[in-house]
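>>> The following comprises the amino acid sequence and a computationally predicted model.
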Amino acid sequence: MLGGVTALILAAAGCAPAAPQAGGASGSAALEVADTAPGDITPFCPAEPTKVMYVKSAGGHVWEAISHAEFAADAAKCPTVEESWYNGTSGQQGAIAATNAAVAQGAKVMVISPDFGDSQLPSMRKAMQAGVQVVSTVNDVNGQKGVDYVESLVWDTKAIGEKQAEWLATNVKTGKVAFLGGQPGAPSTQKTFDAFKEALGRLAPQIQLVPDTWVATNWDAGQKRRAVAGLLAQNGDYAAFVSDYGASDVGAVQAILDAKAPMPAFLNIGSSQAFVCLVQQHNIPWLGQDGTTRLSAASLRIGLAALAGKPSPEPVPYELMVYADTAAGKTPTCDPSVTPDADLSSSLSVEALKAVLGGT
């Protein structure tokens, strides 16, 4: 789908592949101390031609494209690795069918974002039983390590929630906050919200969560605009909005502007240049934690390490970096040369992001 950008991405990464290592051992062996650095795939490049696949079935389309590009860029550093991507729109059954098809086609490593929760576990378990090294990512499911996947790599929701609650307590102090999430029942939103709610009650008790649950918006800017308009009409002004996909928060900002309401603070993960530019244009208080698109490549490194029977040095869970903190004077630059959809917290160069997203 990304039409020949892999070579550009690899060139921009400026990293030539190291000599392949012998692999093929089961990832179930007891592995103790890693002797390689996190972020380096080359020690795990297999000696034999190896198919790897990334399965992502729901979420922001731009996020998915960048996430796959990160996966492809890391895979390209191994000359023996052939990567593919399933970016599905046919729901739960499509994700399960894609997993089963990858097994039949000889994939040895699969990175799967189980966007439909535990319903995807049987197909993941079947893949593991067929000898595929499955790494679950983004969405935390109730699977068993070593049975349903070799590892589950998700962002550290406790760390995210605590940073957000501390920031609200220090910089906002009082008022209402709402949490804007993804599709109804999205496991990643639920876990991120639960961590935020717990931290809010403990660290920022003067901030009122209204409503007391998260608001489904399908990570879509248009739906966020409508949802926030409804929240403002029902509950009045808000002090802050929290979300697990900041790129679509442009819709929430537009709803505030439509209503001519006071501009609240925004606390989110997974941003975009469009949101960065809105922050600067409207002087929006913002705490952004990011680097979410990097999970796919980290998951691939974990899967290849398991295939080689080697320990992975990748941190689990994955702690996001503080990308923006306007209260501390840390604000990304609005770059008009970059497509508004680009997330510059990605590890990819600006040139590679332009190629992925069709920017000028």
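Everything's here; your move. Please read all numbers here as calculations on a predicted model, not as lab measurements.

>>> Let me see the ranges of the helices in the protein.
6-13, 61-75, 91-104, 121-129, 157-171, 187-203, 221-235, 249-259, 273-282, 295-307, 350-357 (DSSP state H).

>>> Single out the most deeply packed of those.
Among those, ranked by average contacts under mean count of other Cβ atoms under 10 Å, first place goes to helix 295-307 (a mean of 27). C-beta coordinates here come from the backbone N, C-alpha and C atoms, glycine included.

>>> helices or strands up against that one?
strand 50-56, helix 61-75, strand 107-112, strand 133-137, strand 151-153 (3 or more Cβ pairs under 8 Å, 6 or more residues apart in numbering; DSSP states H and E).

>>> Direction included, what does the third one pair up with?
Strands adjacent to strand 107-112 in the sheet, as given by DSSP bridges, are strand 50-56 (parallel), strand 133-137 (parallel).

>>> between these, which one is nearest to M263?
With Cβ to Cβ as the criterion, M263 lies closest to strand 50-56 of the strands paired with strand 107-112, at 33.0 Å.

>>> got the contact list for N218?
182-183 (Cβ atoms under 8 Å, 6 or more residues apart in numbering).

>>> Give the ranges of residues in the stretch 51-200 of the chain that sit below the confidence cut-off.
Applying pLDDT under 70 to the stretch 51-200 of the chain flags the ranges 58-60.

>>> List the residues that contact V250.
221, 272, 274-275, 278.

>>> 6 Å - rerun?
Counting by Cβ atoms under 6 Å, 6 or more residues apart in numbering, V250 touches 221, 274-275.

>>> how much space between it and V276?
10 Å (Cβ to Cβ, to the nearest Å).

>>> Please apply the same query to I160.
I160 is 19 Å from V276, by Cβ to Cβ.

>>> what do you get for G39?
From G39 to V276 the distance is 25 Å (Cβ to Cβ).

>>> next one: K197
For K197, the distance to V276 - Cβ to Cβ - is 27 Å.

>>> repeat for V242
18 Å.

>>> ok, now D335?
Taken as Cβ to Cβ, the span from D335 to V276 is 8 Å.

>>> what's the closest of the contacts of V250 to E166?
Distances from E166 to the contacts of V250, taken by Cβ to Cβ, are shortest for F275, at 21.7 Å.

>>> V242: what's it in contact with?
Taking Cβ under 6 Å, 6+ apart as the test, what V242 contacts is 179, 267.

>>> Looking at strand pairing, list the partners for it.
Here V242, judged by DSSP bridges, has bridge partners F179, L267.

>>> pLDDT wise, what is it at?
At V242, the model reports a pLDDT of 98.

>>> and what of D341?
Reading off the model, D341 has pLDDT 83.

>>> farthest residue from the center of the chain?
Most distant from the centre of the chain: K260, at 32.1 Å, with distances by Cα atoms, centre = their mean.

>>> distance of the residue nearest to I302 when sequence neighbours are not counted from V322?
Counting by Cβ to Cβ, 6 or more residues apart in numbering, I302 lies nearest to S312, which is 4.6 Å off, once chain neighbours are set aside. According to Cβ to Cβ, S312 and V322 sit 25 Å apart.
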